[in-house]
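Asks: Build the 3D model from these lines:
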Amino acid sequence: MNVVAIIFARGGSKGLPGKNIRLFGGKPLIAWSIEHAQAVDRISRVLVSTDCSEIAAVALEYGAEVPFMRPAELADDHSPEWLAWRHALNYLRETTGELPDVMVSVPATAPLRLPQDIENCLNEYENHDADIVITVTDPHRSPYFNMVKKNADGSVGLVNPPQKAIARRQDTPIVFDMATVCYVVKPEFVMSHESTFEGHVRSLHVPTVRAIDIDTLLDFQIAEHLMHLQSEDNVNN
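Replies: Predicted coordinates:
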């Protein structure tokens, strides 16, 4: 089975400028995703899709392929990443004559993942008839209990009002936060559909400590602290 990993890392982050090449644990943030993908034997190629020459240079330094630059119109704040996925897959089809059997997206913003998380996503994909496998983690809030939206009259109400009153969060339906640890996708699905939940979606649960998604400086600082704690645990054990 031909499995290709692609790391989608644009250069115009507003929440944390330059985050994809910001040093994290002694190496650029994107390097962690490259190395995680390289550690998975089933992955035959590791590519980076970026619009930024600095990110491209770092990616090449750490052994990823950067065979094309992403067009600017697919790298601004309003560009759906789905279109960047499609652009990369089109490149592979044009240069190899066919789509890969599987595309794995390994976001640069989840440096605390383990290669085993990618392996487990691939297992979930191979063992079930899925169009896409996403990662999920325990929720911070429940839309049935303590997530609210503003109404037209200025009042607020629950995002998903339950049919009967719920006094404890433990009594609400089980929900999860989507994580950005890994996506395993059927390329034909990406080419013929417009979004994740148009297809048959499976999920893999990842512990919250490995599922942090870096978007802001605070996220970055929390991730650094967690990595420091993990390093201390490894030394002490």
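
Asks: got the buried residues for the helix or strand Ala31 falls within?
Replies: Per DSSP states H and E, Ala31 falls inside helix 29-38. Buried positions in helix 29-38, judged by neighbour count with 16 or more other C-beta atoms under 10 Å: 29-37. For the C-beta atoms, the positions are set from N, CA and C on the backbone; glycine is no exception.

Asks: State the pair within those that is farthest apart.
Replies: The span of the buried residues of helix 29-38, defined through C-beta to C-beta, is set by Leu29 and Ala37 at 14.1 Å.

Asks: hang on, the earlier thing: any chance of the buried residues of helix 29-38 in JSON lines, plus pLDDT and distance to Val181?
Replies: Formatted as JSON lines, the buried residues of helix 29-38 follow (pLDDT from 0 to 100; distance: C-beta to C-beta, whole Å):
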{"residue": "Leu29", "pLDDT": "97", "distance to Val181": "14"}
{"residue": "Ile30", "pLDDT": "97", "distance to Val181": "15"}
{"residue": "Ala31", "pLDDT": "98", "distance to Val181": "17"}
{"residue": "Trp32", "pLDDT": "98", "distance to Val181": "12"}
{"residue": "Ser33", "pLDDT": "98", "distance to Val181": "10"}
{"residue": "Ile34", "pLDDT": "98", "distance to Val181": "15"}
{"residue": "Glu35", "pLDDT": "98", "distance to Val181": "15"}
{"residue": "His36", "pLDDT": "98", "distance to Val181": "9"}
{"residue": "Ala37", "pLDDT": "98", "distance to Val181": "12"}
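
Asks: dump the residue contacts of Met69.
Replies: For Met69, the contact set (C-beta atoms under 8 Å, 6 or more residues apart in numbering) comprises 50-51, 53, 56.

Asks: Relative to Ile212, which of those residues is nearest.
Replies: Out of the contacts of Met69, the member with the shortest distance to Ile212 (by C-beta to C-beta) is Thr50, at 21.9 Å.

Asks: State the pLDDT value of the closest one.
Replies: Looking at Thr50, its pLDDT reads 96.

Asks: can you check Gly157 too?
Replies: In this model, Gly157 carries a pLDDT of 88.

Asks: does it really touch Tyr144, like I thought?
Replies: No. In this structure, Gly157 is not within contact of Tyr144 by C-beta atoms under 8 Å, at 11.8 Å.
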